[in-house]
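Novice: How does the following fold in three dimensions:
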Amino acid sequence: LGEALPASNIEYNKSDLPVGAQPDDAPKNGLSIGDTIRTIAENQSWCVLKNIEVMPAYRQLLGDLLGELRDVVQPRTGEMLTLQGFVFVSSPASMTPYHFDPEHNILLQLQGSKTMHAFPAGDLRFAAQVQHERYHTGSHRGLPWDDSFAGHEFVADLTPGRAVLMPVMAPHFVRVGPDPSISLSITWRSEWSYKEADAHAANNWLRARGFSPAMPPRWPDSADAKVFAWRVARKLGLVGQ
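Specialist: Here you go, the predicted structure:
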């Protein structure tokens, strides 16, 4: 799969990183994606195969898996939009540094083990409002880490057959166990998650003009008036995309 996907769908690097490493801090491993995966037990690397749904067999797999959950999910998040899948392949003791993601995400552990450390979504102690705003206007997902955060997280120990739900924009980091790990993330967006993203983008625009906008509310509420105004302004070309 890694060798069949477009280069833009692949990310990989050395994995002996501190929890607070930023994306630009991660050195390359000097290997191809195929060799990275084939020698993952020894090369101290991490890789993610993104948007595997571009391949027909994986698109069917993703649809089948999320289809099993539809009757449970849709009453809570609304219609499941933008279904996407990600495969993570990691060397023993790898670290995925502290970050957040915009999707509703269920991480399924297939091989090896890893420990997920997840912090409360929307809690400004662990991800400042401006970090949300920057992410939703084009910045990377990485977050600054402070050692005082330790002990405030939910910890999920994942072994083959176990899974964990990661809420939208919940800060988290992941540590792999003593063996190579393979995980599958099955993700979707909702109209609420898109509204939250637009509210943060609108706030970033307002902050750049000297305002101090309020943090958008968390699920199930949303900043509907702000989102509507932002979407109209964007459609009319009055603000950036």
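Novice: Next, the contact list for the residue nearest in space to the middle of the chain, please.
Specialist: Geometric centre of the chain, nearest residue: residue 101, 2.9 Å, by Cα atoms, centre = their mean. Shown in contact with residue 101 (Cβ atoms under 8 Å, 6 or more residues apart in numbering): 141, 166, 168, 169, 187. Bear in mind the C-beta positions are built from the backbone N, C-alpha and C, glycine included.
Novice: who does the longest helix anywhere in the chain touch, helix- and strand-wise?
Specialist: Longest among the helix segments of the chain by residue count, using DSSP state H, is helix 56-77. In terms of contacts (3 or more Cβ pairs under 8 Å, 6 or more residues apart in numbering; DSSP states H and E), helix 56-77 is packed against strand 81-90, strand 104-111, strand 181-189.
Novice: One more pass at 10 Å, please.
Specialist: Contacts defined by 3 or more Cβ pairs under 10 Å, 6 or more residues apart in numbering; DSSP states H and E place helix 56-77 against strand 81-90, strand 104-111, strand 181-189, helix 191-207.
Novice: quick one: which of these is nearest residue 123?
Specialist: The closest of the helices and strands packed on helix 56-77 to residue 123 is helix 191-207. By Cβ to Cβ, the value is 14.5 Å.
Novice: how far does the closest one sit from the chain's center?
Specialist: Per Cα atoms, centre = their mean, to the nearest Å, the displacement of helix 191-207 from the mean C-alpha position of its chain is 17 Å.
Novice: quick one: low-confidence parts of this structure?
Specialist: The model of the chain has pLDDT under 70 over residues 240-241.
Novice: Any idea how many residues pack against the nearest residue to residue 194 once chain neighbours are set aside?
Specialist: Closest residue to residue 194 apart from its sequence neighbours, by Cβ to Cβ, 6 or more residues apart in numbering: residue 81 at 7.5 Å. A count of neighbours around residue 81, defined by other Cβ atoms under 10 Å, yields 14.
Novice: hang on, residue 81 packs against residue 102?
Specialist: No: applying Cβ atoms under 10 Å, one finds residue 81 not in contact with residue 102, separated by 11.8 Å.
Novice: Need the overlap of contacts for the two.
Specialist: Common contacts of residue 81 and residue 102 (Cβ atoms under 10 Å, 6 or more residues apart in numbering): 189, 193, 194.
Novice: Next, the buried residues of the host helix or strand of residue 165.
Specialist: Assessed by DSSP states H and E, residue 165 sits inside strand 163-166. By neighbour count with 16 or more other Cβ atoms under 10 Å, strand 163-166 contains the buried residues 164, 166.
Novice: by contact count, what packs against that strand?
Specialist: Using 3+ Cβ pairs under 10 Å, 6+ apart: strand 163-166 touches strand 104-111, strand 114-118, strand 154-158, strand 181-189.
Novice: Turn those into CSV, columns for mean neighbour count.
Specialist: Formatted as CSV, the helices and strands packed on strand 163-166 follow (neighbours: other Cβ atoms under 10 Å):
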stretch, mean neighbour count
strand 104-111, 19
strand 114-118, 19
strand 154-158, 15
strand 181-189, 22
